[in-house]
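Undergrad: what's the 3D shape of this:
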Amino acid sequence: MKRHTRIRRHAIAAVAAISALMLSGCAVGGGTSAGSADGGAKLSDKPVTISLYWWGSASRVTSTEAAVKLFEKAHPNITVKMQSTDWGSYWDKLATSVAGGQAPDVMQFDQVYVASYAQRGALADLGEYSKYLDTSYLSKNVRDTGEYNSKLYALPIGLNSIGVAINKSVFDKYGVKVPDTTSWTWDDLTAVAKKITKASDGKVLGLDPLGGDSVSLTLWARQHGNALFNQKGDVVLKPSVLTDYWEYSLDQIKSGITPSPSQLAEGSGATIDQTDLAAGKVAMAFIPSNLTAYQVAAPDEKLDMLPFPSDSNAKKGWQYLKSSMYWTLSSKSAHPAEAAELIDYLSTNSKVGSLFGAERGTPANPSFQKEITPDLAGSDKIVMNYIKQATAESGTPAPITPVGGQDADSLLSQYWQNVQFGKATPQQAAQQYIAQLKKEIAAAKS
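TA: Numbering: from 1, shown residues only. Take a look at the predicted model:
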């Protein structure tokens, strides 16, 4: 997996998949009627076959197949045809099947694709199937991460949030105290990064800086009363907010407490085991809450997860959760009631919760969290506690990436590199980034 920025890799894959969907001319009409709690759908008392499609590792295949067998046992007239693939080919195959009118009934989804498929009518509004699909167990700030245009097109499966991963072994080795994160500010982060760099005589640098991913930018913007996108899908980011975001990290680079621009560019494609954090070259790094992957890559290091810093004047409710993935239902499903029941079973059955564990991210269902917590240890337990804290502090979810906005991360990384190498000032690059992103979204709407 690439460095924090599986986000970045997602963005690159998104371009190809969404382009394929658009080129196919995929305008999909809704398959069921609206306006009722069941979408006009009813469960059949005859044998029914539905399909389920997901991406993931071998362990995900095993756990999902086991969960489906439990579902089929509980629903003897329903057969589930399963198909899985790797992330790289998933979206091209899905775009082709949707364009050909052969979409799977139930699909695992990433948030960057929801708007594109929903806008083209490929996804059903899950709110129409509340008779078969319960969502009441989700808090509003979690449930709404799957909304687009005020309709629930995607049911959150797992949760994620960016934080500061720290190598406590490095802190211990050089006698630097881990800061009190109950009042953890941006100045505190810089100060402790300087202490690490100085105490180690530069052998270990303080941190990998912010700069090239839209999730951390969104958090920064929300702290300053701003956002990247609004609910209409418009770019509302202020150039001054992006300028400050980059200037903060640029000052750290210039002070020598982070890797150099050349080192950062060289490491941008590193696998997790090759990252500066896992290799012990930096003491801190901003990562999604997949700390376990880093701990596996660095078994001799003691890693921990600290909350995203904020200043005392940060706007209340700036924190938000990102769904690691979703379940969606095809609008063209011939058996939407059965498909909705499958989603419900995979999202609420306690045995499924035990099977899935945290493999799809920290479970969105609180009862699943409770189910697996006693068996968690080490980094898995740290992440669970981190997500619980983030959930309690979260405000309104950030809007789903709009159609045409799938390049938000790759563009941000591109302009951030221009800033680092002196090709543009933060102010110039901020204006250019916002203008380019607006242009791409406008083009997608035309």
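
Undergrad: domain assignment for this structure?
TA: By the assignment in automatic domain parsing, the chain contains the domains 6-159+321-393, 163-319+402-445.

Undergrad: check these for me: which has the lowest mean pLDDT.
TA: Set side by side, these differ in mean pLDDT, and domain 6-159+321-393 is lowest with a mean of 89.

Undergrad: and what about the residue most central in space within the chain, helix, strand or coil?
TA: For the chain, the residue lying nearest the average C-alpha position, counting by Cα atoms, centre = their mean, turns out to be residue 324 (4.3 Å). Following DSSP: H, G, I helix; E, B strand; the rest coil, the label given to residue 324 is strand.

Undergrad: was I right to think it contacts residue 154?
TA: No. Residue 324 lies out of contact with residue 154 (Cβ atoms under 8 Å); the separation is 11.8 Å. All C-beta spots, glycine's among them, are computed from the backbone N, C-alpha and C.

Undergrad: about what we covered before: and the residue nearest to the centre of the chain, how far from residue 330?
TA: 21 Å (Cβ to Cβ, to the nearest Å).

Undergrad: with residue 246 instead?
TA: When Cβ to Cβ is applied, the distance between residue 246 and residue 330 equals 41 Å.

Undergrad: ditto for residue 91
TA: Looking at residue 91 against residue 330, where the rule is Cβ to Cβ, the gap reads 15 Å.

Undergrad: again, but for residue 112
TA: Where residue 330 is concerned, residue 112 sits at a distance of 19 Å (Cβ to Cβ).

Undergrad: then residue 446?
TA: Looking at residue 446 against residue 330, where the rule is Cβ to Cβ, the gap reads 27 Å.

Undergrad: and if you look at residue 47?
TA: Distance of residue 47 to residue 330, given as Cβ to Cβ: 20 Å.

Undergrad: who's more crowded, those two?
TA: When residue 47 is set against residue 330 and neighbours are counted by other Cβ atoms under 10 Å, the residue ahead is residue 330, at 26 against 9.

Undergrad: strands of the stretch 301-446 of the chain, start to end?
TA: 303-306, 322-329, 362-363 (DSSP state E, counting those that start in this stretch).

Undergrad: what strands flank the longest one, and is each parallel or antiparallel?
TA: With DSSP bridges as the test, strand 322-329 is paired with strand 106-109 (antiparallel), strand 155-160 (antiparallel).

Undergrad: output the first one as CSV, restricted to C-alpha atoms.
TA: Looking back up the chat, that one is strand 106-109. The C-alpha trace of strand 106-109 is given here as CSV (Å, rounded to 0.1, in the frame of the first residue of the first chain):
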residue,chain,number,x,y,z
VAL,A,106,-24.9,-5.0,-4.1
MET,A,107,-21.6,-3.3,-4.6
GLN,A,108,-18.8,-2.2,-2.3
PHE,A,109,-18.0,1.4,-2.9
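
Undergrad: could you report the neighbour count for residue 419?
TA: A total of 24 residues lie near residue 419 under the criterion other Cβ under 10 Å.

Undergrad: what does stretch 251-268 contact?
TA: For stretch 251-268, contacts defined as Cβ atoms under 8 Å, 6 or more residues apart in numbering pick out 3, 5, 8, 190, 193-194, 196-197, 202, 205-209, 212, 249, 274-276, 281-282, 413, 417, 420-421.

Undergrad: filter those to the buried ones?
TA: Of all the contacts of stretch 251-268 considered here, the ones buried according to neighbour count by 16 or more other Cβ atoms under 10 Å are 3, 5, 8, 190, 193-194, 196-197, 205-209, 212, 249, 275-276, 281-282, 413, 417, 420.

Undergrad: in helices, which of those fall?
TA: Secondary structure of these is defined by DSSP state H; positions in helices are 8, 190, 193, 194, 196, 197, 249, 413, 417, 420.

Undergrad: circling back: tabulate the strands of the stretch 301-446 of the chain (JSON lines), appending distance to residue 135.
TA: Written out in JSON lines, the entries for those read as follows (distance: least, Cβ to Cβ, whole Å):
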{"stretch": "strand 303-306", "distance to residue 135": "28"}
{"stretch": "strand 322-329", "distance to residue 135": "11"}
{"stretch": "strand 362-363", "distance to residue 135": "14"}
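
Undergrad: of these, which is nearest residue 239?
TA: Residue 239 sits nearest to strand 322-329 of all the strands of the stretch 301-446 of the chain, at 24.3 Å, using Cβ to Cβ.

Undergrad: tell me which stretches of the stretch 301-446 of the chain form helices.
TA: 336-348, 350-356, 366-372, 378-393, 408-420, 426-445 (DSSP state H, counting those that start in this stretch).

Undergrad: the stretch 51-200 of the chain too?
TA: Remark: helices assigned in the stretch 51-200 of the chain by DSSP H, counting those that start in this stretch are 58-74, 87-99, 111-119, 140-143, 168-173, 186-199.

Undergrad: put the alpha carbons of the shortest one into CSV.
TA: In CSV, the C-alpha atoms belonging to helix 140-143 read as follows (Å, rounded to 0.1, in the frame of the first residue of the first chain):
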residue,chain,number,x,y,z
LYS,A,140,-26.2,11.2,12.0
ASN,A,141,-22.6,12.3,11.5
VAL,A,142,-21.8,8.7,10.3
ARG,A,143,-24.9,8.0,8.3
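
Undergrad: now tell me what touches that helix from outside.
TA: Helix 140-143 is contacted by residues 135, 152, 156, 159, 320-321, 323, 364, 391, 394-397 when judged by Cβ under 8 Å, 6+ apart.

Undergrad: Serialize the residues you listed to TSV and add fields for distance to residue 117.
TA: Shown next, in TSV, are those (distance: Cβ to Cβ, whole Å):
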residue	distance to residue 117
135	19
152	14
156	16
159	21
320	22
321	21
323	15
364	20
391	27
394	25
395	26
396	23
397	19
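
Undergrad: which of those residues are buried?
TA: Buried by 16+ other Cβ under 10 Å: 135, 152, 156, 159, 320, 321, 323, 364, 391, 394, 397, out of the contacts of helix 140-143.

Undergrad: just those now: which is nearest residue 65?
TA: Comparing the buried ones among the contacts of helix 140-143 against residue 65 with Cβ to Cβ places residue 364 closest, at 21.2 Å.

Undergrad: nearest to residue 238, out of the strands of the stretch 301-446 of the chain?
TA: For those, distance to residue 238 was read as Cβ to Cβ. The smallest value, 21.7 Å, belongs to strand 322-329.

Undergrad: tell me the angle the closest one makes with helix 336-348.
TA: Interaxial angle, strand 322-329 versus helix 336-348 (axes from the mean of the first three to the mean of the last three Cα atoms, to 10 degrees): 150 degrees.

Undergrad: which residues does strand 322-329 contact?
TA: 105-111, 114, 117, 123-124, 126, 129, 142, 145-146, 153-161, 215, 288, 336, 339-340, 343, 346-347, 360-362, 364, 398.
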